[in-house]
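**Student:** Need coordinates for the following:
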Amino acid sequence: MIKRGIKFVISFFFISAIFFNFPSNALANMGDWKLTNAKENLTGNWVYYVYSAANALYQGIHFSRHVDNSYDDHIATDDRMYYYYGNTRSFNTPNIPQQIRDTLIKAWQDYFSVS
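**Tutor:** Coordinates of the predicted model:
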């Protein structure tokens with residue numbers, strides 16, 4: 001019973017953080033992005049998503065939301081080689097192939113689009 005209560009409090013914390021700390025359009029197209037994990041690590045509290053729509057436009061890409069600092073939010077390839085930080089419109093490296101660069105930007109825009 002206590003474990004259930006603790007899990008509920010942790011879940012409530014992450015959900016509350018999403019609603020109160022992230023941009024107002026954060027949940028606009030969230031139906032295509034499935035919550036896959038939420039955890040706390042050395043860099044803070046994170047919530048992870050993958051694209052789950054049937055057409056799989058963004059297969060091989062994940063979205064990481066930082067609960068404490070939205071400037072760390074990023075879309076990245078699953079191999080964690082290339083990152084796009086949409087709030088700062090920057091990448092983790094300048095040598096990203098154009099096709100991957102475009103896909104990461106479009107995935108970010110898809111998450112924040114109104115469906």
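
**Student:** all strands of the protein, in order?
**Tutor:** Ranges of strands in the chain, per DSSP state E, are 33-41, 44-51, 61-66, 74-77, 83-85, 90-91.

**Student:** State the number of residues packed around the nearest residue to residue 88 once chain neighbours are set aside.
**Tutor:** Spatial nearest neighbour of residue 88, chain neighbours left out: residue 71 (5.9 Å); criterion: Cβ to Cβ, 6 or more residues apart in numbering. Any C-beta I mention is one placed from the backbone N, CA and C, and that applies to glycine too. Other residues lying near residue 71 total 11 when counted by other Cβ atoms under 10 Å.

**Student:** list the contacts for residue 71?
**Tutor:** 85, 87-88 (Cβ atoms under 8 Å, 6 or more residues apart in numbering).

**Student:** Read off the pLDDT value for the nearest residue to residue 73 once chain neighbours are set aside.
**Tutor:** The shortest distance from residue 73 to any non-neighbouring residue, by Cβ to Cβ, 6+ apart, is to residue 65 (5.1 Å). For residue 65, the pLDDT comes out at 90.

**Student:** Can you tell me how far residue 65 is from residue 43?
**Tutor:** Noted for residue 65: a distance of 13 Å to residue 43, by Cβ to Cβ, to the nearest Å.

**Student:** who's more crowded, the two?
**Tutor:** In this view residue 65 and residue 43 are compared by other Cβ under 10 Å, and residue 65 has more residues nearby, 23 against 10.

**Student:** Surely the more buried one and residue 45 touch.
**Tutor:** No - if you go by Cβ atoms under 8 Å, residue 65 and residue 45 don't touch, sitting 9.3 Å apart.
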